[in-house]
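In: what follows is a protein structure lacking sequence information:
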Ligand code: 3H9
């Protein structure tokens, strides 16, 4: 065996040379990997006894892509293009042997190989679009030459991983080899193609499938139209489509040039910077500095949920989906029956859409038990309380749980703003208590804010993180403060939105600005959807806010056909002349002199106070890192991923600019805009939230 460099070795086995890469964790295409590829192939060819090369990787995966952490830094070592040319231009066949995931640049490497074999568990994909990019090393030009235009469009714009069997079916993989026997299988395959004198199959020369789509622009028009909603706001999907169009309409080398140009545009833009940042943020969020990965965890085999309402039911479904039995407790039989029936209906609807079998539905329902007796939770390893958001009721429940549930179990509260320490004080074991703040619908929304109480133990935190991952959530660990991270920042935006409609904007102006920014909907459309009467009571209502005025008129949102907007039978929203008149009257009554408010002001008033609040949250240590705050907003509140979250957005604008605006607003409108000390400090030092370590 010859050592090529620190990550590559070459072993000659008769007429086959095996080039092995070993660059943990994912064999990303760092400079040493690119050097190893180019040098390895060259060295194999220098040996005249060698008739074929197998390219294989050590560790858990084939090459998982370019090294994202190298992006934006000065280039080093062999360029990726030289490495790819060395492979594709080789005078003997190179066979890619794929296990784990061949992703992005990794699949692009495999596409320059003359043949590809894979184990059945392997997956291939071009996920660059998820990083705001496109496959920039020939992937968009080679892929359609093998799989055809339609499949290529879907793969590059979705970024989804495709299983080996499907890859074999579409010709992306030439042969499947036995699981666990990749090396032997790939060598045998290489020997076979040598024996059969098979030609060097260079994908760049395969034109039939792209030519078939030439002169048919309607293919692309239809694809764009069908996916317009999915791609809204994102730049990368359109650039990916343009590349596939180039593959169809231009000679290969011209297509490569077009791909390169579009790649560089994306690479230097803010969207990709944001999406790459989010990639690392999604991984960092699981790391808790004082709770190391080897912290002992509590085995969770049985879960209890208190409350069978919308929230409790959704929470229970998460565990049932993960194969964990749940006992759900209610106080009244009819509420329990309703809750259980809703869960069944949700599963049956999923089955109707073909995403579960009837047997899956029964299996899940078979793991669910309903009861009116809290005592039945005695042997549960984890109990999640999802009762009414009221401190006295929650404390009463926790007092009872303390007496009933076995020692060592986790006692979690699904509260969205109450003080977890006060809830924990109702027990003699505050170390077992933690907040699990789910977002509605709890079986769908990815975010889970885990609220660390003053006394929550490390095993309780580590287990909560582990369980969150198991039930498919993305968990951010936050501290106790009103509204925690997400709702605390949301309150800033809500306050400004309400003020803006008095000062001169209309609800649909505010909503349009935030929708155009990239949110799925604006705050007023959101309120109408959720119901304006959440937390509203007829008895206490005193026409003191627009919301109260609307509720008093029975305009309680979509469910009553009217709220801030008017709705037709299909729930399509229309700006409401009634609401417009009410707002003008209300503003006059309050003595407000309405003025024209620009879209820029709407955006700054809604977003900058959120960034400022995020800074306060960091200052107070209620979030571990600024990127955790961004994860909360992207996964819980629909913040557009291509803007990286509010804190990243602040960094992108420049904290000095955010600070200057906050000071200006403070001067005009008062203390609500007072900048946080951290914002002042970072802006003064020319630093960003990301620079905080
Ligand atoms: C590209 O290829 C552009 C090309 O077209 C070329 C143009 C010229 N780079 O996710 P995990 C790290 S763009 C650097 O926890 P898993 C990751 O940060 C790229 N680092 O493991 C983590 O570090 P840490 C296209 C990377 O088993 C560790 O590896 N490719 C990269 O759950 C383990 O990762 C992609 O977008 C990378 N490319 O999942 C694939 N990938 O331990 C991105 C991972 O310090 N990667 N790391 O936190 C993935 O989807 C998953 O990592 C993978 C493994 C499925 C591979």
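Out: That came in fine, so what should we check first? Computed from a prediction, not measured in an experiment: that's the story for all the values here.
In: who in the stretch 51-200 of the chain is up against the ligand?
Out: Proximity of the stretch 51-200 of the chain to the ligand (Cβ under 6 Å from any ligand atom) is limited to residues 61, 64-69, 80, 101, 103-105, 108, 127-128, 131, 133, 135-137, 139. The C-beta positions use only the backbone N, C-alpha and C, and glycine is treated the same way.
In: where's the closest residue to the ligand within the stretch 451-600 of the chain, which helix or strand?
Out: Going by Cβ to the nearest ligand atom, the ligand is nearest to residue 469 of the stretch 451-600 of the chain, at 10.1 Å. If you go by DSSP states H and E, residue 469 is part of helix 458-470.
In: what does that helix rub up against?
Out: 286, 288, 290-291, 295-298, 300, 322, 382, 410, 412, 431-434, 436, 448, 450, 452, 474-475, 477 (Cβ atoms under 8 Å, 6 or more residues apart in numbering).
In: ok, 6 Å please
Out: For helix 458-470, the external contacting residues (Cβ atoms under 6 Å, 6 or more residues apart in numbering) are 291, 295-298, 300, 322, 410, 432, 434, 448, 450, 475.
In: distance of the residue of the stretch 451-600 of the chain closest to the ligand relative to residue 318?
Out: Look at residue 469 and residue 318: by Cβ to Cβ, to the nearest Å, they are 12 Å apart.
In: could you do residue 386 as well?
Out: Distance of residue 386 to residue 318, given as Cβ to Cβ: 12 Å.
In: could you pull out the strands for the stretch 151-300 of the chain?
Out: 162-163, 175-176 (DSSP state E, counting those that start in this stretch).
In: so which of these is the most packed in?
Out: For these, the largest average neighbour count (mean count of other Cβ atoms under 10 Å) is found in strand 162-163, namely a mean of 19.
In: just the mean pLDDT for that one, thanks.
Out: The average pLDDT within strand 162-163 is 98.
In: list the strands paired with it, with their directions.
Out: strand 123-125 (antiparallel) (DSSP bridges).
In: quick one: pLDDT of the nearest residue in space to residue 651 that is not next to it in sequence?
Out: Distances taken as Cβ to Cβ, 6 or more residues apart in numbering place residue 688 nearest to residue 651, at 3.9 Å, with adjacent residues excluded. Residue 688 carries a pLDDT score of 98 in this model.
In: any idea which element residue 627 lies in?
Out: Short version, using DSSP H and E: residue 627 is in helix 626-636.
In: please name the nearest non-neighbouring residue to residue 665.
Out: Residue nearest to residue 665 in three dimensions, not counting chain neighbours: residue 673, with 4.0 Å by Cβ to Cβ, 6+ apart.
In: which residues touch the one you found?
Out: By Cβ under 6 Å, 6+ apart, the residues touching residue 673 are 662, 665-666.
In: among those residues, name the ones in helices.
Out: Cross-referencing the contacts of residue 673 against helices under DSSP state H gives 662, 665-666.
In: can you select the buried ones from those residues in PyMOL?
Out: Buried residues among those (16 or more other Cβ atoms under 10 Å), as a PyMOL selection:
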select buried, resi 662+665
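In: of all the ones in helices among the contacts of residue 673, which comes closest to residue 508?
Out: Nearest to residue 508 out of the ones in helices among the contacts of residue 673 is residue 665 (Cβ to Cβ; 23.0 Å).
In: let's see the pLDDT reported for the one residue in the stretch 201-350 of the chain that gets nearest to the ligand.
Out: Closest contact between the stretch 201-350 of the chain and the ligand, by Cβ to the nearest ligand atom, is at residue 283 (4.1 Å). pLDDT for residue 283: 97.
In: and it, how many residues sit next to it?
Out: As a burial measure, residue 283 scores 10 neighbours (other Cβ atoms under 10 Å).
In: where do the helices sit along the stretch 501-650 of the chain?
Out: Counting by DSSP state H, counting those that start in this stretch, the stretch 501-650 of the chain has helices at residues 507-517, 523-530, 546-552, 577-589, 599-619, 626-636, 646-653.
In: what angle sits between the fourth one and helix 507-517?
Out: Pointing back at helix 577-589 there. Inter-element angle recorded for helix 577-589 and helix 507-517: 110 degrees (by axes from the mean of the first three to the mean of the last three Cα atoms, to 10 degrees).
In: avg pLDDT for helix 577-589?
Out: Across helix 577-589, the average pLDDT comes to 97.
In: which residues touch that helix?
Out: Contacts of helix 577-589 (Cβ under 6 Å, 6+ apart): 501-502, 549, 564, 594.
In: which parts of it are buried?
Out: Residues of helix 577-589 classed as buried: 579, 582-583, 586-587 (neighbour count, 16+ other Cβ under 10 Å).
In: would you mind listing the buried residues in stretch 198-212?
Out: Buried residues in stretch 198-212, defined by neighbour count with 16+ other Cβ under 10 Å: 202-204, 209-210.
In: got it, and stretch 286-302?
Out: Buried, per 16+ other Cβ under 10 Å, within stretch 286-302: 286, 288, 291, 295, 297-298, 300, 302.
In: farthest pair within those residues?
Out: Every pair of these checked by Cβ to Cβ; the farthest is 288 and 302, at 25.4 Å.
In: re earlier: the strands of the stretch 151-300 of the chain: which one's closest to residue 636?
Out: Per Cβ to Cβ, nearest to residue 636 of these: strand 162-163, 29.7 Å.
In: before we move on, back to that, which of residue 469 and residue 318 has more neighbours?
Out: Neighbour count, other Cβ under 10 Å: between residue 469 and residue 318, residue 318 has more, with 24 against 13.
In: what's the distance between that one and residue 94?
Out: 45 Å.
In: got phi/psi on residue 329?
Out: The phi/psi pair for residue 329 (degrees, to the nearest 10) reads phi -120, psi 140.
In: who's in contact with it?
Out: Contact analysis of residue 329 by Cβ under 6 Å, 6+ apart lists 306, 371, 374.
In: in the sheet, who's paired with the first one?
Out: Listed beta-bridge partners, residue 306: residue 329, residue 385 (assigned using DSSP bridges).
In: pretty sure residue 439 contacts residue 636?
Out: Yes: using Cβ atoms under 6 Å, residue 439 makes contact with residue 636 at a distance of 4.8 Å.
In: now list whatever residues contact both of the two.
Out: residue 447.
In: residues in a beta bridge with residue 451, which ones?
Out: Bridge pairing for residue 451 - DSSP bridges - gives residue 435, residue 478.
In: measure it to residue 442 for me?
Out: 15 Å.
In: more neighbours, these two?
Out: Remark: of residue 451 and residue 442, residue 451 carries more neighbours, 32 against 23, as counted by other Cβ under 10 Å.
In: if anything else comes up later, I'll come back, but that's it for now.
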